[in-house]
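In: just need the structure, nothing else, for what follows:
(one chain, ligands or ions: 2)
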Amino acid sequence: MLVKETLYTPYNGSLLLENPLLNKGLAFTDNERQAFNLHGLLPHKVETIQEQTERAWDQFCQFKKDISRHIYLRNIQDTNETLFYNLLRTHMKDTLPIIYTPTVGEACEHFSDIYRRGRGLFISWPNRHNIDEMLQSFSRNDIRVIVVTDGERILGLGDQGVGGMGIPIGKLSLYTACGGIHPASTLPIMLDVGTNNTRHLDDPLYMGWRHPRITDDQYIEFMDMFVEAVKNRWPNVLLQFEDFAQKNATKLLNRYRDTLCCFNDDIQGTAAVTAGTLIAAVKTAGGRLRDQRVVFLGGGSAGCGIAEKIITLMMEDGLSESQARNNIFMVDRFGLLTDEMPNLLDFQQKLVTARDAISHWDVETANISLKDVVRNAHPTVMIGVSGQPGLFSEEIVKEMHQHCPRPIIMPLSNPTSRAEAQPKDLLEWTQGQALVATGSPFAPVSCLGQEHEIAQCNNAYIFPGLGLGILAVKASRVTDGMLSVASKTLAAHSPLANTGKGGLLPPVESIEEISMAIALEVARMAQQEGVAPMMSEEELLNSIEKTYWKANYTSYKRASL
Ligand SMILES: O=C([O-])CC(=O)C(=O)O
Ligand SMILES: [Mg+2]
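Out: Ligands and ions are numbered 1, 2, ... in the order given. This is a model prediction of the structure:
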């Protein structure tokens, strides 16, 4: 959205103060207070956004519980969005874990308890025949980014029904705070097709449609109706799918990816950030990507998405496809995925290990465990996307370290409570040699007199910049190439890989700068791949700059209704 120097609005008096996108609170000037009949509705003093931010920060610090801090921040978001984003940008490191992972997980679990007011759109199954009307009557026309969930796989916390709405709200807050997307052009959507979570079904305060989930053909029909309605209302929107259950995520992505500008953040965003972090870690360890052996714990759509991305990168580094696939080992709750296993999901089939190729392995049971894989395959990289805490045990990690001096270990499950291992343990078990990246934020670890920053390998490093690039260049699709350049750009900004000091990934305070860099490369790639109109380098840079909204107030003049 083009940020205008002066904004003309027909709203007046308390209507202006009650609109979170327009409200400036005490920052309305005397002239504006006069012009909009605000005198008397506000205390006398005129404040700057810095003064307002300082007060909000003081209040934020008064709250001791993270969930209370979350409720407080969401309240500011619902009353004055500009102040909310200025507060986030000023205190990124402290506010991100509150508005996003991990606290957003708790907010989803308790959505119906902590609810204050609506945001975005709730589209429930019983209203399915009115989806067009609901979107048409939504008052903002210039929607450019939608994040949608059906709440079935919220982080590692499973089915949260309508409470899943916390995730689209949180993700879109990051689109604005880290990618400069104007809040007026973002829209969170919850598709409420019921819940199978008995705690919610039995809770009298539960706010969603109290019904078991709609599934199979009926579910797909509903999704088709939704996507069609979005295409009619906002044909050029970027639609991000978030936290859909594994059984639906890949299916939906494949169904819609060639029909509108969309992507699945858990599959593609997670894959892109993990690939970027891995490139940086391999460079730090002094090896080449093609030589890595990678074991995954978790064979779902996220794990398989990352695995396919790593295979592509290994092929770019000179391996044949089959050589690259031989370096990947997928372990899920039934053990290593092999070509003899029945009932594999579509996207798992290309990632199985051939039983013949490992007939010489020394294994304990017919089901090959993570420990068996580590003992026999000697992986150099271990990635956790299982949602199960603690499975990267001391025994497994020490075994891995015996065969690999600098093991790359990524317990990526979110929120913090689901991480496959604690970074402190990983460093202790490997005498400070492990290169560690997690999905949720962790404090730095001190080990053998050395301080280790823990990289937060979270899709937040990717999607805001990806979105900014897509909007700035008016891309019509999200391609694999665009995601790959996002990974490489992130890796190129790794402090540890570049200087031998600092974190594997840049600190969260620099996400804004990373997003700008990613946006430029994504936009160039979109043009190169023919999914965006050509513009000169200068026009592109200008467009990114103009699209980036920096949470400052503009001055207002009266417009007639
Ligand atoms: O939200 C996050 O922190 C990362 C993510 O997409 C997930 O875990 O589903
Ligand atoms: Mg997610």
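
In: all contacts plus neighbour counts: C-alpha atoms, from now on.
Out: Fine.

In: checking whichever residue of the chain sits closest to ligand 1 next. Helix, strand or coil?
Out: Nearest residue of the chain to ligand 1, counting by Cα to the nearest ligand atom: Leu155, 3.9 Å away. Classification of Leu155 by DSSP: H, G, I helix; E, B strand; the rest coil places it in coil.

In: thinking it is in contact with Ser417, fair?
Out: No - counting by Cα atoms under 8 Å, Leu155 does not reach Ser417; the two are 10.7 Å apart.

In: those two - which one has more neighbours?
Out: More crowded of Leu155 and Ser417, by other Cα atoms under 10 Å: Leu155, with 25 against 17.

In: for the more buried one, give me its contacts.
Out: Going by Cα atoms under 8 Å, 6 or more residues apart in numbering, Leu155 touches 105, 243, 413-415.

In: so which of the residues you listed sit within helices?
Out: Gly105 (DSSP state H).

In: so which bits of the stretch 51-200 of the chain are right by ligand 1?
Out: Within the stretch 51-200 of the chain, the positions near ligand 1 by Cα under 6 Å from any ligand atom are 101, 155.

In: in the stretch 51-200 of the chain, which spans are strands?
Out: Applying DSSP state E, counting those that start in this stretch to the stretch 51-200 of the chain gives strands spanning 121-124, 145-149, 186-192.

In: what residues does the first one touch?
Out: Right, the one you point to is strand 121-124. Under the contact criterion Cα under 8 Å, 6+ apart, strand 121-124 has outside partners 131, 187-193, 209.

In: between the residues you listed, which has the most around it?
Out: Most surrounded of these: other Cα under 10 Å gives Asp192, at 28 neighbours.

In: residue contacts, that residue?
Out: Applying Cα under 8 Å, 6+ apart, the residues near Asp192 are 122-125, 150-151, 161-162, 208-209.

In: grab the nearest non-local neighbour of it.
Out: Spatial nearest neighbour of Asp192, excluding adjacent residues (Cα to Cα, 6 or more residues apart in numbering): Ser124 at 4.3 Å.

In: which of the strands of the stretch 51-200 of the chain sits closest to ligand 2?
Out: strand 145-149 (9.1 Å; Cα to the ion).

In: downstream of the helix or strand encompassing Ala302, the next helix or strand is which one?
Out: Assigning secondary structure by DSSP states H and E places Ala302 in helix 301-316. Moving toward the C-terminus from helix 301-316, the next helix or strand (DSSP H and E) is helix 321-326.

In: dump the next helix or strand after that next one to PDB, keeping only the CA atoms.
Out: Note on helix 321-326: by DSSP H and E, the next helix or strand toward the C-terminus is strand 328-332. Output in PDB follows, covering the C-alpha atoms of strand 328-332 (Å, rounded to 0.1, in the frame of the first residue of the first chain):
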ATOM      1  CA  ILE A 328      18.300 -38.500   3.400                       C
ATOM      2  CA  PHE A 329      16.800 -40.700   6.200                       C
ATOM      3  CA  MET A 330      13.200 -40.100   7.300                       C
ATOM      4  CA  VAL A 331      12.200 -41.500  10.700                       C
ATOM      5  CA  ASP A 332       8.700 -41.200  12.000                       C
END
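
In: for strand 328-332, packing partners?
Out: In terms of contacts (3 or more Cα pairs under 8 Å, 6 or more residues apart in numbering; DSSP states H and E), strand 328-332 is packed against strand 294-297.

In: and the strand it packs on, which strands flank it?
Out: According to DSSP bridges, strand 294-297 has the following sheet partners: strand 328-332 (parallel), strand 381-384 (parallel).

In: of all those strands, which lies closest to Ala177?
Out: Comparing the strands paired with strand 294-297 against Ala177 with Cα to Cα, the closest turns out to be strand 381-384 (27.8 Å).

In: can you list the buried residues in whatever helix or strand comes next after that closest one?
Out: Next helix or strand after strand 381-384 toward the C-terminus (DSSP H and E): helix 394-403. Across helix 394-403, burial judged by 16 or more other Cα atoms under 10 Å covers 394, 396-401.

In: stretch 249-264 too?
Out: 249-250, 252-253, 257, 260-264.

In: which among those gets closest to Ile146?
Out: Of all those, Cys262 has the smallest distance to Ile146: 9.4 Å, by Cα to Cα.

In: list the contacts for that closest one?
Out: Neighbouring residues of Cys262 by Cα under 8 Å, 6+ apart: 238-241, 253, 256, 477-478.

In: alright, calling it a day.
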